[in-house]
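>>> Sequence first, predicted model second:
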Amino acid sequence: MKPALALTVAVLALAACGKAPTPASPTPASTALASTLVQAELLPRERIWDGVVEAVHEATLSAQTRGRVLELPFDVNDYVQAGAVVVRFTDVEQQSGRRRAEAGLSAARATLAEAEADHQRITEVYAKKLVAKAQLDQTTARRDSAKAAVAAASAAVREAGEQVDYTVIRAPYSGILTARLVKVGETVQPGQPLVSGLSMAQLRVNVEVPQSEISAIRAHAQAAVVLDDGRRIVADKLVIFPFADAQTHSFKLRLELPEAETGLQPGMTVKAAFKLGEQAQLRVAESTLVRRGELTGVYVIDADRVVLRQLRLGHAEADRVSVLSGLEAGERIANDPAAAAAYLRAGRQRSPQ
């Protein structure tokens with residue numbers, strides 16, 4: 001081999017050894033990342049107003065007999081089971097009245113027994129034509145009068161028994177004691193308030209809405225309470241009062257809530273959403289969202305590019321969130337924000353410096 005040719009071959013061999021390997025082509029984003037095509041859904045068009053929670057069962061118990069307060073077993077904010085004693089009076093006067101009534105009933109029954117015996121005897125004698133008809137009529141009247149006296153005495157015993165029962169006040173339903181209006185040792189009269197309470201088992205929400213929206217609300221009759229965490233409590237029943245306030249020109253509405261654990265308490269303010277119609281709207285899964293401080297967005301896959309897009313969101317329901325702006329129907333978003341972020345970082349590392 002000639003020296004010049006040998007030198008050329010050596011130079012080419014060295015150049016081949018020092019050449020860097022060709023980098024592999026990156027996998028397209030549409031193939032590397034799992035994604036979802038965003039489509040418009042027909043969703044309810046709603047308006048939200050503030051409402052106030054109240055208990056369906058709320059009452060103040062009053063005295064039905066005269067007496068002195070002997071016992072107040074429960075304090076304010078205590079939970080009371082249905083049928084539990086909440087107030088107890090002294091019952092000396094009532095027990096004495098019941099005993100008098102029972103004694104009167106015994107006397108009336110004795111008189112009736114005597115009158116029935118006389119009537120039976122005179123009836124037998126009259127059958128033999130030994131007494132006048134007038135005497136039979138007198139014994140019949142005494143017997144009937146004695147029966148009426150027994151009936152009156154029985155009613156008096158029942159009334160006296162009720163007066164005894166009135167000395168023990170029991171809770172009509174399970175709930176929370178909200179007020180004690182008397183003290184132990186205090187003498188009360190019939191009609192005087194004693195304690196107040198409410199039941200937490202069944203709640204409702206009162207809302208006032210403008211008259212301009214009442215026709216649409218009445219047409220759809222669907223409402224729900226929106227909680228702070230995004231959960232919704234669908235009302236069992238929507239009651240629309242048939243008249244408006246003359247000063248505010250607003251209608252009062254009442255949402256009857258289901259008997260379930262909701263975390264709501266009487267007196268709280270909540271958001272009440274009412275269906276006014278339907279509209280096409282975009283929704284995305286909560287798991288696709290990226291939250292960084294005040295920024296909320298999704299990774300949009302556009303051809304082979306991945307872009308973090310900021311969104312303006314509406315209300316959430318279950319694991320789905322309404323999108324007010326930032327996305328359009330037909331766009332594709334990454335299902336896993338972490339995987340999309342890793343894809344972007346890998347792409348920046350592959351880019352030439």
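Received the coordinates, thanks. Residues are numbered from 1 along each chain as shown.
>>> what about residue 71, distance to residue 81?
Using CB to CB, to the nearest Å, residue 71 is found at 16 Å from residue 81. Using the backbone N, CA and C atoms, a C-beta is placed for each residue, glycine as well.
>>> Likewise for residue 132?
68 Å.
>>> likewise residue 90?
With CB to CB as the criterion, residue 90 and residue 81 are 24 Å apart.
>>> cool, and residue 173?
9 Å.
>>> who's more crowded, these two?
Applying other CB atoms under 10 Å to residue 173 and residue 81 shows that residue 173 carries more neighbours, namely 17 against 10.
>>> isn't that one right next to residue 57, touching?
Yes - the criterion here is CB atoms under 8 Å, and residue 173 meets it with residue 57 at 5.4 Å.
>>> Could I get the average pLDDT for stretch 129-148?
For stretch 129-148, mean pLDDT is 87.
>>> Same question for that stretch: list its buried residues.
131, 136, 139, 142, 143, 146 (16 or more other CB atoms under 10 Å).
>>> what about that stretch, distance to the chain center?
67 Å (CA atoms, centre = their mean, to the nearest Å).
>>> The nearest residue to residue 90 once chain neighbours are set aside: neighbour count?
Distances taken as CB to CB, 6 or more residues apart in numbering put residue 68 closest to residue 90, at 4.7 Å, once the chain neighbours are dropped. Residue 68: 15 surrounding residues under other CB under 10 Å.
>>> Contacts only, for residue 68.
Applying CB atoms under 8 Å, 6 or more residues apart in numbering, one finds that residue 68 lies in contact with 89, 90, 185, 186, 187, 188.
>>> Return the set of residues that bridge with it.
residue 187 (DSSP bridges).
>>> which residues in the stretch 1-150 of the chain form strands?
Using DSSP state E, counting those that start in this stretch, the strands of the stretch 1-150 of the chain run over 35-37, 40-55, 58-62, 67-71, 79-80, 85-89.
>>> What is the first one packed up against?
What it means is strand 35-37. Applying 3 or more CB pairs under 8 Å, 6 or more residues apart in numbering; DSSP states H and E, one finds that strand 35-37 contacts strand 332-334.
>>> which other residues reach the next helix-or-strand element following the strand it packs on?
Toward the C-terminus, strand 332-334 is succeeded by helix 337-350 as the next helix or strand (DSSP states H and E). With contacts defined as CB under 8 Å, 6+ apart, helix 337-350 is touched by 23, 26, 29, 32-34, 288-290, 298-299, 301, 306, 308, 334.
>>> I'd like the distance between the closest residue to residue 87 other than its chain neighbours and residue 197.
Closest residue to residue 87 apart from its sequence neighbours, by CB to CB, 6+ apart: residue 169 at 3.9 Å. The gap separating residue 169 from residue 197 is 11 Å, by CB to CB.
>>> who has more neighbours, the two?
Neighbours per residue (other CB under 10 Å) separate residue 169 from residue 197, with residue 197 holding more: 26 against 20.
>>> So in that sheet, which strands flank the one helix or strand the more buried one maps to, and in what orientation?
Applying DSSP H and E as the criterion places residue 197 in strand 193-198. Strand pairing for strand 193-198, using DSSP bridges, gives strand 58-62 (antiparallel), strand 175-180 (antiparallel).
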